[in-house]
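Engineer: Need a 3D model of the following:
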Amino acid sequence: MKKQTKEEFEKKNKSKDTNPKVAVGIKKVPLSVVSAPVLMEIGLGMMEGARKYRRHNYRVAGVRASVYYDAAMRHLMAWWEGEDIDIDSGLSHISKALACLSVLRDSMIFNNWKDDRPPKHKNGWIEEYNEKAKEIIEKYPQELEPYTEVEEQKKRLKK
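Structural biologist: Numbering: from 1, shown residues only. As a prediction, this is how the structure comes out:
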């Protein structure tokens with residue numbers, strides 16, 4: 001089998017510039033940029049919720065922001081602390097957090113959420129903390145390697 005040159009490949013795979021669908025289609029929301037496996041995992045998390053609470057219950061009943069924030073944060077913290085899989089569902093904690101955020105965002109779009117966040121902080125507060133972080137980095141410019149689970153496992157295997 002003859003190997004294709006770069007020029008032959010580009011010529012063969014070049015889209016037709018004259019195709020009117022291209023001109024219209026490229027100006028629409030691109031779903032091709034979203035990871036299909038991640039969407040599938042979110043779908044599993046949403047299916048679990050549908051089986052437990054009824055599909056789209058959050059659109060009818062509405063949601064409290066704090067409940068979904070808390071759930072998403074618990075999943076993120078469990079993942080950060082090394083627990084990859086949610087014991088209850090067998091799904092990734094990251095996927096479960098994304099499902100929580102999907103429900104919250106959907107409810108925000110449909111305006112059926114209760115905004116029970118605390119009183120608003122002043123604008124720019126995160127930037128103030130970022131400036132403090134910059135000062136610390138300037139004071140201690142040499143970043144030290146962190147202790148990680150992978151590193152600790154390697155040490156245990158050597159013993």
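Engineer: going forward, measure contacts and count neighbours with C-alpha atoms only.
Structural biologist: Fine.
Engineer: Spatially nearest residue to the spatially most central residue of the chain, not counting backbone neighbours?
Structural biologist: Using Cα atoms, centre = their mean, the residue of the chain that lies closest to the mean C-alpha position is residue 98, 5.6 Å off. Nearest non-adjacent residue to residue 98, counting by Cα to Cα, 6 or more residues apart in numbering: residue 42, 6.4 Å away.
Engineer: by contact count, what packs against the strand or helix carrying that neighbour?
Structural biologist: Element membership of residue 42 [criterion: DSSP states H and E] is helix 36-53. Counting contacts by 3 or more Cα pairs under 8 Å, 6 or more residues apart in numbering; DSSP states H and E, helix 36-53 packs against helix 93-109.
Engineer: Sheet-wise, list the partners of the helix or strand following the helix it packs on with their directions.
Structural biologist: Sequence-wise, the next helix or strand downstream of helix 93-109 (DSSP H and E) is strand 113-114. When pairing is defined by DSSP bridges, strand 113-114 lines up against strand 63-64 (parallel).
Engineer: got a list of contacts for the partner strand?
Structural biologist: 104, 107, 112, 113, 114, 115, 116 (Cα atoms under 8 Å, 6 or more residues apart in numbering).
Engineer: backbone phi and psi for residue 85, please?
Structural biologist: phi -110, psi 130 (degrees, to the nearest 10).
Engineer: excluding its backbone neighbours, what's nearest it?
Structural biologist: Of all residues not flanking residue 85 in the chain, residue 92 sits nearest, at 4.5 Å (Cα to Cα, 6+ apart).
Engineer: quick one: contacts for that neighbour?
Structural biologist: Residue 92 neighbours (Cα under 8 Å, 6+ apart): 84, 85, 86.
Engineer: can you redo these as CSV with distance to residue 138 and pLDDT?
Structural biologist: As requested, these are exported to CSV (distance: Cα to Cα, whole Å; pLDDT from 0 to 100):
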residue, distance to residue 138, pLDDT
84, 34, 98
85, 38, 98
86, 39, 97
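Engineer: Including neighbour count, could those residues go into TSV?
Structural biologist: Below are the contacts of residue 92 laid out as TSV (neighbours: other Cα atoms under 10 Å):
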residue	neighbour count
84	16
85	17
86	16
